[in-house]
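Undergrad: I'll drop the sequence and a predicted model, then ask my questions.
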Amino acid sequence: MTMMQLAKTSEFTGAIQSRAASSNNGLLPTEPHRNGSLTAQRDHHDEHAHVVRSINNIHLGRLVADLNMATSKELEHAAHIGRYGNLPLGLGLVMLGCFSRKDLTNLIRAQSMLIDGLVSESQIAEANKISQREPRLTLHAALGRTGWVCDPNVKSNTLGGLLVAAGLLTPLKLAWCHTIANSTMLPLGRVLTLTNTLSCPAVSAALSVQTAIRMQKFNRAQGIRELQFLSSRSEQILQMQSDLTAKKGRNRPLLGELFIEAGILSATEVINAVEISKPDQKMIGEILCEFSWVTEELLHGALALQKLAEFQTITRQNAVSALRLIHTTGTSFKSALDAVLPTIKRPFRREYIEQVLKFASPATALCNKTNELKNYFVSGSIEADQALILSDYCQRGSMSVTAALVHLGWTVNINVKDCRAITVASA
């Protein structure tokens, strides 16, 4: 069965449709953009002014559609594929055969350059035509054929570049994470958190600063200083919370991290809540409710999901997805669990992960070690993005799956119980 056939099956589609509202991630364009194009208004009074763009208008799905690299139906199928395994839209499009891995790399770079105002829409469109005729060309080489010249006065504000400039990553560590991202086709931010290179609050803070710089709320130098400050505060607080959490359970996810990963709170809000709680020794949940950052119902749901994740009844990503769904739709705790927990029969889950490994990590797809990875995914113990990271570690380090888990600091339980019968009261 091909990936397109799998995506079209009624059982597959029905299982992931309930997850659509909570995990679109802004990649699949669901309605026309107000500006009608990737670029916002130009400053006609200054011929050297850079293009000012709304960050929300430059989604990968919109770029793919504008370049006629996939149909709306293919975008929809790719989004369904991605939602089910917590995978990015681009990987789903590659799995459907819309374009190659190299094309995806060029698209992601083009997206970043558009946001930073380094290129125009028309230049990207022309470079894409050239690269289709000459597949060996890199994006920069194809852009050079259009007459494009990089403006030395405009700096690229990539996530990795900002992290290195702020001293949170070494160039060597960034290169290593980029290698994993290129191999697995996962976003750099996700690789940084999954490999425990940086904490979720640190990555969240970096992404917030990156967006603020690109929206010209402050300049690059100010953004780097802000990132250093936020990271320093978040790491101190995380260490304090981790020490407390270690007494309760090693696998217990931090409450603040769940709210950050679900997109409900920013890293700054969580940091502030923790610091406010210290003088009176209050729980962070009390502060979040006291300052109306979250409702009591949402807090109770988060605490229940935290407990389920601690005992590995659900995965961390299950907890995040359920919390996001409760927040965005107001659904009940039990309904959220029904929506995010695996509902496809095991043969379909095995077919799904086999296709993911085949396209995203072809070298490890044939390895005997992947059978263990597939079993973890089929049982619901890990998500597809985690399976990709594990397979990459097994290949590069010539290590067993168990050794890779230890190296990453992960603990998974293959005997995950179905907790959908758990009521809110008992949780």
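TA: Received the coordinates, thanks.
Undergrad: what stretches of the stretch 301-427 of the chain score poorly on pLDDT?
TA: Scanning the stretch 301-427 of the chain for pLDDT under 70 picks out the ranges 342-347, 361-369, 412-427.
Undergrad: Run through the helices of it in chain order.
TA: 316-329, 333-340, 346-360, 362-365, 370-378, 384-397, 401-408 (DSSP state H, counting those that start in this stretch).
Undergrad: what's the angle between the longest one and helix 370-378?
TA: Translated: helix 346-360. Orientation check (axes from the mean of the first three to the mean of the last three CA atoms, to 10 degrees): helix 346-360 against helix 370-378 gives 120 degrees.
Undergrad: got the buried residues for helix 346-360?
TA: Buried residues in helix 346-360, counted by 16 or more other CB atoms under 10 Å: 348-357, 359-360. C-beta: built from backbone N, CA, C; applies to glycine.
Undergrad: re the thing from before, make a markdown table out of the helices of the stretch 301-427 of the chain and add distance to residue 285.
TA: Below are these laid out as a markdown table (distance: least, CB to CB, whole Å):
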| stretch | distance to residue 285 |
| --- | --- |
| helix 316-329 | 13 |
| helix 333-340 | 16 |
| helix 346-360 | 34 |
| helix 362-365 | 41 |
| helix 370-378 | 31 |
| helix 384-397 | 27 |
| helix 401-408 | 29 |
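Undergrad: mind listing what the most centrally placed residue in the chain touches?
TA: With distances taken as CA atoms, centre = their mean, the residue of the chain nearest its centroid is residue 190 (5.0 Å). For residue 190, the contact set (CB atoms under 8 Å, 6 or more residues apart in numbering) comprises 88, 385.
Undergrad: ditto for residue 108
TA: If you count contacts by CB under 8 Å, 6+ apart, residue 108 has them with 60, 90.
Undergrad: and residue 254, how many neighbours?
TA: By the criterion of other CB atoms under 10 Å, residue 254 has 22 neighbours.
Undergrad: same deal with the one 3 residues further on?
TA: Residue neighbour count, defined by other CB under 10 Å, stands at 22 for residue 257.
Undergrad: For residue 90, see how far away it is.
TA: 25 Å (CB to CB, to the nearest Å).
Undergrad: do residue 116 as well
TA: Counting by CB to CB, the gap from residue 116 to residue 90 is 19 Å.
Undergrad: repeat for residue 292
TA: From residue 292 over to residue 90 the distance is 37 Å, taken as CB to CB.
Undergrad: Compare the two and say which is more crowded by neighbours.
TA: Shown here are residue 292 and residue 90; by other CB under 10 Å, residue 90 has more neighbours (26 against 7).
Undergrad: Tell me the helices and strands packed up against whichever helix or strand the more buried one is part of.
TA: Residue 90 is located in helix 89-95, with elements delineated by DSSP states H and E. Contact analysis of helix 89-95 by 3 or more CB pairs under 8 Å, 6 or more residues apart in numbering; DSSP states H and E lists helix 60-66, helix 72-85, helix 101-115, helix 346-360 as its packing neighbours.
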